[in-house]
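> Build me a structure from this.
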Amino acid sequence: MCKNDEATRRASESFKLKTLSNHLHGTLDSGLSLSGDNYVNKFQTIIATILFLIITSTLYAQRVSPYQVGSYIPGLISLRDLGSVPGGLYLINYNYWINSNGYFDKNGNKIGSLDIDLNNFNPGSGTITLDLDTKIKGYSTVPLLYYASKFKLLGGATYVASVAPNYASLNYNISMNLKDSTFVAEGKAGGWGDLSFMPLGLSWSFSSQVDLAFMYTLYAPTGRYSTGSDDNIGKGYWTHQFQVPTYFYLMERATAIGIIPTLEINGKVKDAEVWAGSRFSLEYGISQYLNEWLEIEIVNAHNWQISNDKGDDDWWKGTILDSKDSKNTFAVGVGVWPLAGRLQVRGRYVIDYGVRQRFQNRYWGLSLIFITNLLSEKVPE
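Here you go, the predicted model:
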């Protein structure tokens, strides 16, 4: 039932590139900065920002990150999480451990080295190659309060709403090797990110075979963010999200086939003339209860940037970073009910593939759903 993500995006003056500057015949005695993004995509921009700063100049260190990867990460929630549920109050906690498998360019090629044309700095200097080694790990936790109404409206729809803060932490180590010299950037960041709030959800259940819902979620830029700051944890802009989860059931709902389309419309970045591009995601999969307490599921998902970033401060327009990103995601999960009808515990493994202009990530998840029995429907005697 959770749709979020908050994190960091740019590194800030954690180390100086003095020796590298000499090799480049330039004046790149500069730091690196990491600006806020959604919580599991915080490391999305570290390498690319570093590489761009090396290639160009320190001018961009205090500008908006070119990597606006949105607020929703498909594949992280369980397939049935947006289906119809009995009226009542639910407590959910999503936990994810994340690491990166490397950065991939707009053509889907993994970046393991970088050729730098020194003629941009000193004509006639030729080209050098930097070998890159990236180690990035993170953790995020999302406590979520979910409400489903006992009353019905608009042809039998259940009203649903939710609110979810999130906390994220990150550790990163980036090595750049040039001949006999190695340059290392390492550090960590963490804190409470942006708040997600679903003020409007309507869920219909047609007999026992089909569920259909409409859900509007708002991501508020409550996480720490300031363009050019070294400790950002929020994205710095609002996101409006629209979903239409659809489910088909077999075997008295023991089998669920789900399709979840998601549209994100992103707003203006705080303190900058940049509007992040819109995004579209599609998730689909199957969930199967093997018995009353054991569930397994398989999910595939896609995420595309469908419109360009825009604005007067869109400084990456026309550069190698000016490309719409995309990724695909595969997930498998298992859920058990140690307390029948009250508590579900779920484990999950998620991996990205077919990644373009962003990091390829892996996630290990553990989530808990507790049915409080507060504000719940009375069970007929």
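> Quick check: pLDDT value at residue 135.
At residue 135, the model reports a pLDDT of 77.
> if I pick residue 373, what's in contact with it?
88, 342 (CB atoms under 8 Å, 6 or more residues apart in numbering). Backbone N, C-alpha and C define where each C-beta goes, glycine included.
> Residue 270 too?
Neighbours of residue 270 in contact, by CB under 8 Å, 6+ apart: 221, 225-227, 236-237.
> again, but for residue 300
75, 283-285, 328-331.
> run the last query once more with 6 Å
By CB atoms under 6 Å, 6 or more residues apart in numbering, the contact set of residue 300 is residue 330.
> Okay, now the unreliable bits of the stretch 201-350 of the chain?
Low-confidence segments of the stretch 201-350 of the chain, defined by pLDDT under 70: 228-231.
> ranges for the strands of it?
Listed in chain order, the strands of the stretch 201-350 of the chain (DSSP state E, counting those that start in this stretch) span residues 210-220, 239-243, 246-250, 255-266, 279-289, 294-305, 326-339, 343-356.
> Same list (those) but as TSV, adding distance to residue 110.
Formatted as TSV, those follow (distance: least, CB to CB, whole Å):
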stretch	distance to residue 110
strand 210-220	30
strand 239-243	29
strand 246-250	35
strand 255-266	26
strand 279-289	23
strand 294-305	19
strand 326-339	13
strand 343-356	9
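> Ok, which of these comes nearest residue 63?
Nearest to residue 63, of all the strands of the stretch 201-350 of the chain, is strand 255-266, at 17.5 Å by CB to CB.
> For the closest one, buried residues please.
By 16 or more other CB atoms under 10 Å, the buried positions in strand 255-266 come out as 256, 258, 260, 262, 264-266.
> got it, and stretch 310-320?
313-316.
> where does residue 154 fall, phi/psi-wise?
Per-residue torsions, residue 154: phi 50, psi 60 (degrees, to the nearest 10).
> Which pLDDT does the model give it?
93.
> ok, how many other residues are close to it?
A count of neighbours around residue 154, defined by other CB atoms under 10 Å, yields 10.
> List the buried residues in the helix or strand containing residue 129.
Here residue 129, judged by DSSP states H and E, is contained in strand 127-153. By 16+ other CB under 10 Å, the buried positions in strand 127-153 come out as 130, 132, 134, 136, 138-144, 146-149.
> on that earlier part again, out of the strands of the stretch 201-350 of the chain, the one nearest residue 93 is which?
strand 343-356 (10.3 Å).
> ok, the helix or strand following the closest one: who's next to it in the sheet?
Next helix or strand after strand 343-356 toward the C-terminus (DSSP H and E): strand 358-371. Counting by DSSP bridges, the strands paired with strand 358-371 are strand 88-104 (antiparallel), strand 343-356 (antiparallel).
> Would you mark the buried spots in stretch 188-197?
189-197.
> which residues touch that stretch?
4, 6, 8, 39, 163-171, 217-224, 233-235.
> where's residue 373 relative to residue 346, distance?
20 Å (CB to CB, to the nearest Å).
> Tell me which of the strands of the stretch 201-350 of the chain lies nearest to residue 124.
Nearest of those (CB to CB): strand 343-356, 34.8 Å.
> Leaving out chain neighbours, which residue sits closest to residue 158?
In this structure, residue 158 finds its nearest non-sequential neighbour in residue 203, 4.7 Å apart by CB to CB, 6 or more residues apart in numbering.
> Apologies, that question was intended for residue 237.
Spatial nearest neighbour of residue 237, excluding adjacent residues (CB to CB, 6+ apart): residue 267 at 4.5 Å.
> re earlier: select from the strands paired with strand 358-371 the stretch with the lowest mean pLDDT.
Among the strands paired with strand 358-371, strand 88-104 carries the lowest mean pLDDT (a mean of 91).
> and it with strand 326-339, angle?
Between the axis of strand 88-104 and that of strand 326-339 there is an angle of 140 degrees, by axes from the mean of the first three to the mean of the last three CA atoms, to 10 degrees.
> Can you pull out the residues in contact with strand 88-104?
1-2, 40, 43, 47, 110-111, 136-144, 146-147, 355, 359-372, 374-376.
> Identify each buried residue in it, please.
88, 90, 92, 94, 96, 98, 100-104.
> Distance from that strand to the middle of the chain?
What separates the centre of strand 88-104 from the centre of its chain is 9 Å, taken as CA atoms, centre = their mean, to the nearest Å.
> quick one, that strand and strand 127-153 angle?
Using the same axes, to 10 degrees, strand 88-104 lies at 160 degrees relative to strand 127-153.
> okay, strand 88-104 in CSV with CA atoms only?
C-alpha atoms of strand 88-104 as CSV (Å, rounded to 0.1, in the frame of the first residue of the first chain):
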residue,chain,number,x,y,z
GLY,A,88,-10.6,-0.7,9.3
LEU,A,89,-7.2,0.7,10.2
TYR,A,90,-4.0,-1.0,9.1
LEU,A,91,-0.4,-0.4,10.2
ILE,A,92,2.3,-1.3,7.7
ASN,A,93,6.1,-1.0,7.8
TYR,A,94,8.2,-1.4,4.6
ASN,A,95,11.9,-2.0,5.0
TYR,A,96,14.4,-2.2,2.2
TRP,A,97,18.2,-2.8,2.0
ILE,A,98,19.6,-1.5,-1.3
ASN,A,99,22.8,-1.7,-3.3
SER,A,100,23.8,-0.6,-6.7
ASN,A,101,25.1,-2.8,-9.6
GLY,A,102,26.5,0.2,-11.5
TYR,A,103,25.5,3.1,-13.6
PHE,A,104,24.1,2.6,-17.2
